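Student: Sequence plus predicted model, see below.
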Amino acid sequence: MIETHGEQSGWFDWLQHEKSLVPERAEDLVLTSVGVLQLNGRFLYLKRTTDLADITADERRIVEALTRQGDTVFVAVGPDLAHVRLSYRMPDLENAIAFDADGLRALIRQWFVWASTT
């Protein structure tokens, strides 16, 4: 897994006030509770949440952008691994396919097989 670290506070704060670069708004976009796997330059993002309502509009924008650039995103929605719904590549979270923990593991294994081929 890749470990990500946010920039130190204050380093890019000036961007929020620089209207010539960002005329609409500048904000910190944060994707919480996400795991990132990388293999052969391919990325798999694993996002877990107990409820779809917990995913903010900014998080949704980030995940959708990741999928548009060709990365794989799994969003697991549920209170625990025994009761999880999964959205693959985030096209439509509201109609996620039902899986259990074994189904999720099988999909991740398939991703590893796919990412291992170059």
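Tutor: Noted; the coordinates are in hand.
Student: buried residues in the helix or strand harbouring P79?
Tutor: Here P79 sits within strand 72-80, counting by DSSP states H and E. Along strand 72-80, these residues count as buried under the neighbour rule (16 or more other CB atoms under 10 Å): T72, V73, F74, V75, A76, V77, G78. Where you see a C-beta, it was placed from the backbone N, CA and C, and this is true even at glycine.
Student: and of those residues, the nearest to Y45?
Tutor: Here the nearest of those to Y45, counting by CB to CB, is V73; it sits at 4.6 Å.
Student: Just to check, that closest one is in contact with I62?
Tutor: No: look at V73 against I62 with CB atoms under 8 Å: they stay out of range, at 9.5 Å.
Student: Tell me if T32 really is in a strand.
Tutor: No: counting by DSSP: H, G, I helix; E, B strand; the rest coil, T32 is not part of a strand but coil.
Student: Torsion angles phi and psi at it?
Tutor: Recorded main-chain torsions at T32 are phi -90, psi 160, according to degrees, to the nearest 10.
Student: burial of it, as a residue count?
Tutor: A count of nearby residues for T32, using other CB atoms under 10 Å, gives 11.
Student: Let me know the distance separating it from A53.
Tutor: Between T32 and A53 the distance, using CB to CB, to the nearest Å, works out to 14 Å.
Student: can you map out the helices along this structure?
Tutor: Taking DSSP state H to define them, one finds helices in the chain at 57-68, 101-116.
Student: So what's the residue count around D54?
Tutor: Summarising burial for D54: neighbours were counted as other CB under 10 Å, giving 11.
Student: Repeat that for L104.
Tutor: Using other CB under 10 Å, L104 has 16 other residues around it.
Student: Kindly state the pLDDT recorded for it?
Tutor: In this prediction, L104 carries a pLDDT score of 79.
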